[in-house]
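# what follows is a predicted structure for the sequence shown.
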Amino acid sequence: MTHRIRNSTLELAGGKVTGMMYDNIAARDAIPASARHVGMIARTLDGKVYRLSSGLANTDWVYIENDGYEFQVNNSFSTYVADVELHVETTGDDSNDGRTIGTAFLTLQRAFDELPQFFAAEVTIIMGAGSFAGGTLRSSGNLTIEGSWTSVATLSSISDDGFIAGKGCQKAFSEAGSSSLVEGTHFVMIDDYPEYPIFKNSYILRTSASPGNHILVNRLPLSSTPVYAATWDTTITSQIEKRNGVGHIPVKYCHLNSDAGAWFTGGVEITGCKLSGANIFYMYNGSNIQYSISYSEVFFRSTSSNNNSLASNLFNNKFHIESSYSSLNRVSGVFNTTEEPKFSIGGEAQIEIRELGPCDFEGAGKCIELYSNSKVIQNAQKLTCSGTGSLAHIGENCSWQAQNATASGTVTAPMILNDGSHISGMTYFSLVNTSVAGEDIKVGTGSAASAWADLPLVNITSLARAGR
């Protein structure tokens, strides 16, 4: 008798079959030993689910009672019938069921392998304190990965409306306590329902000058209480990648570390995280970064039109966007690094950034560089520069359509427009060159001094190079 595997696509975990659906028990028992591993899941068309609990023999199959996370089955896919929480702990075991902290999995990949190929319920993987390897998701559905965090202080409301002089996207807040907050160690967490925290937002701490006097990247709602300072307790040491379906995986409140090797991540939304390590984070189609802090170099590349958000971040290393075509909703935050350029934009076709800013550029070196025929569209936002260097180098045949945006602050080098480049729509331009008075903008056709002209202009409503 021939037994058929109902799902035509094999899901592999370390080269082993997992999570397959079979016609009946006989088909399940016919799985070869080479394709079995402890903890693997097998489903039959009558809706029952079995797990290899402690060995690889047919007698080791254990029926999983319906604990509220049972599967429903039709002719095309299986799915959870209720929202699910799966747990991963350093004290876990991949032969567990993952449903509680006490029966947690040991690895994130094991939690991924637990999921059906398609699922409609909300699934949250909660990571405990400690370090974990990443994994590859081959299922498709509503999944969130949350790290653990510890509250160390309660914060009071932001003061003086929160705005910092000369900053476009940073606010001040006060601390109702004596704990000293440290950038890169703490972040700000808003927990709307302390007893049942299902709605949480995070914000990035900018500086820790002294207790009671701190700065936050972007906005903190005045009405939000309680507000905590928290530490990242979960570290993920290798890349997380989504290989199947549409959408993305939200990864929240984790420390992502690249010391073990570069991350090549697609379809992941990073929120409230810390990125660090010696290697680059390569972010591909469907990836977002928001309300996060990065000490590592980040390279974002898209080969299609994705409405991604790269908002309200603190970049303490270089950040690149390169694409054959990309459409981003927003790029904003603080760029604070002496690496040059702090923010580069390029690719052999246009890159549309609907909102570039508010952005604060700090530290030595040029802030923005456009290259390879790139095009930026910036809507009514503010760019401020309080470091040294130049605000922007607009490369040959590149275009910056500012659309009622403003630029202000101090620089020590001119804003440079190369051959065939174009800038327009800057409503207010008040960058002051503190090194060479009046040398605020240069346009020209080459690097020789005679090929450039100084334009000490203020309040520019439209600026375009002749012939464009």
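Yep, that arrived.
# only C-alpha atoms for contact and neighbour calcs from this point on.
Fine.
# CA atoms only for whichever strand or helix holds His87, dumped as CSV, please.
Element membership of His87 [criterion: DSSP states H and E] is strand 84-88. Provided in CSV are the C-alpha atoms of strand 84-88 (Å, rounded to 0.1, in the frame of the first residue of the first chain):
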residue,chain,number,x,y,z
VAL,A,84,-0.3,30.7,20.7
GLU,A,85,2.6,31.6,22.9
LEU,A,86,5.8,29.5,22.4
HIS,A,87,8.7,29.8,24.9
VAL,A,88,12.4,29.5,24.3
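# element containing the residue nearest to Val84 when sequence neighbours are not counted?
Nearest non-adjacent residue to Val84, counting by CA to CA, 6 or more residues apart in numbering: Val123, 4.7 Å away. Using DSSP H and E, Val123 sits in strand 118-127.
# can you name every helix or strand that the next helix or strand after that strand contacts?
From strand 118-127 onward toward the C-terminus, using DSSP H and E, the following helix or strand is strand 130-132. Helices and strands touching strand 130-132, by 3 or more CA pairs under 8 Å, 6 or more residues apart in numbering; DSSP states H and E, are strand 234-236.
# neighbouring strands of the strand it packs on in the sheet, and parallel or not?
Its sheet considered, strand 234-236 pairs with strand 130-132 (parallel), strand 255-257 (parallel) by DSSP bridges.
# doesn't Asn142 make contact with the residue nearest to Val84?
Yes: under the criterion of CA atoms under 8 Å, Val123 makes contact with Asn142 at 6.1 Å.
# pull up the pairing partners for the helix or strand hosting Phe300, direction included.
Counting by DSSP H and E, the element that carries Phe300 is strand 298-302. Note on strand 298-302: by DSSP bridges, its sheet partners are strand 281-283 (parallel), strand 319-323 (parallel).
# just those strands: most buried one?
Ranked by mean neighbour count, the strands paired with strand 298-302 are led by strand 281-283 with a mean of 22 (mean count of other CA atoms under 10 Å).
# starting at the chain centroid, how far to that one?
The chain centroid and the centroid of strand 281-283 are separated by 9 Å under CA atoms, centre = their mean, to the nearest Å.
# if we can go back for a sec, would you list the strands paired with strand 298-302 in JSON lines and tack on distance to Val84 and mean pLDDT?
Formatted as JSON lines, those follow (distance: least, CA to CA, whole Å; pLDDT from 0 to 100):
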{"stretch": "strand 281-283", "distance to Val84": "28", "mean pLDDT": "91"}
{"stretch": "strand 319-323", "distance to Val84": "36", "mean pLDDT": "83"}
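# can you redo those strands as JSON lines with distance to Thr44?
As requested, the strands paired with strand 298-302 are arranged in JSON lines below (distance: least, CA to CA, whole Å):
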{"stretch": "strand 281-283", "distance to Thr44": "38"}
{"stretch": "strand 319-323", "distance to Thr44": "45"}
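# for Glu114, see how far away Trp400 is.
48 Å (CA to CA, to the nearest Å).
# likewise Met127?
Counting by CA to CA, the gap from Met127 to Glu114 is 15 Å.
# those two: which is more packed in?
More crowded of Met127 and Glu114, by other CA atoms under 10 Å: Met127, with 30 against 18.
# so the more buried one touches His87, yeah?
Yes: counting by CA under 8 Å, Met127 does reach His87; the two are 6.1 Å apart.
# domains of this protein?
Following automatic domain parsing, one finds the domains of the chain at 1-65, 149-232, 345-468.
# so for the last one, what's the average pLDDT?
When you say that, I think you mean domain 345-468. When pLDDT is averaged over domain 345-468, the result is 69.
# re the thing from before, now do the strand holding Phe300: distance to the chain's middle.
11 Å.
# using PDB, write down the CA coordinates of it.
What follows is strand 298-302, C-alpha atoms only, in PDB (Å, rounded to 0.1, in the frame of the first residue of the first chain):
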ATOM      1  CA  VAL A 298      23.900  48.500   8.500                       C
ATOM      2  CA  PHE A 299      23.400  47.900   4.800                       C
ATOM      3  CA  PHE A 300      19.800  48.000   3.600                       C
ATOM      4  CA  ARG A 301      19.200  46.700   0.100                       C
ATOM      5  CA  SER A 302      15.900  46.300  -1.800                       C
END
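# right, and the helix or strand after it?
That would be, after strand 298-302 and using DSSP H and E, strand 308-315.
# excluding its backbone neighbours, what's nearest Leu106?
Gly92 is the one closest to Leu106 (CA to CA, 6+ apart), at 4.2 Å.
# in this structure the one you found contacts Arg110, no?
No: counting by CA under 8 Å, Gly92 sits too far from Arg110 to count as a contact (10.8 Å).
# neighbours of the nearest residue to Gly130 once chain neighbours are set aside, just the number please.
Counting by CA to CA, 6+ apart, Gly130 lies nearest to Thr234, which is 5.2 Å off, once chain neighbours are set aside. Close neighbours of Thr234, defined as other CA under 10 Å, add up to 24.
# also Ala262?
16.
# wait, what's in contact with it?
238-239, 279-282 (CA atoms under 8 Å, 6 or more residues apart in numbering).
# let's see that with 7 Å instead.
Applying CA atoms under 7 Å, 6 or more residues apart in numbering to Ala262 gives the contacts 279-281.
# so which of the residues you listed comes closest to Thr154?
Nearest to Thr154 among these, counting by CA to CA, is Phe281 at 32.3 Å.
# isn't that closest one right up against Gly266?
No: using CA atoms under 7 Å, Phe281 makes no contact with Gly266, being 10.7 Å away.
# ok, the residue nearest to Ala121 when sequence neighbours are not counted to Met40 distance?
Leaving out its chain neighbours, the residue that sits closest to Ala121 by CA to CA, 6+ apart is Asp83, at 5.0 Å. Plainly put, Asp83 is 21 Å away from Met40 if you go by CA to CA.
# who has more neighbours out of these two?
Remark: of Asp83 and Met40, Met40 carries more neighbours, 24 against 14, as counted by other CA under 10 Å.
# now Ala165, what are its backbone angles?
phi -60, psi 130 (degrees, to the nearest 10).
# cool, and Ile25?
Dihedral angles (degrees, to the nearest 10) for Ile25: phi -60, psi -40.
# skipping its backbone neighbours, what lies nearest it in space?
The shortest distance from Ile25 to any non-neighbouring residue, by CA to CA, 6+ apart, is to Thr44 (7.0 Å).
# for the one you found, give me its contacts.
Residues near Thr44 by CA under 7 Å, 6+ apart: 21-25.
# so which of these comes closest to Cys169?
In terms of CA to CA, no member of these lies closer to Cys169 than Met21, at 51.2 Å.
# what's the helix or strand for that closest one?
strand 20-22.
# what's the next secondary structure element after that strand?
Beyond strand 20-22 in the direction of the C-terminus, DSSP H and E gives the next helix or strand as helix 25-29.
# any idea of the mean pLDDT in the helix or strand just after that next one?
Going down the chain from helix 25-29, the next helix or strand is strand 41-44, by DSSP H and E. For strand 41-44, mean pLDDT rounds to 79.
# stretch 285-297 now?
Stretch 285-297 comes out at a mean pLDDT of 89.
# in contact with the residue nearest to Val38 when sequence neighbours are not counted, which residues?
What sits nearest to Val38 in space, not counting adjacent residues and going by CA to CA, 6+ apart, is Leu52, at 5.2 Å. Residues counted as contacts of Leu52 (CA under 7 Å, 6+ apart) are 38-41, 60-62.
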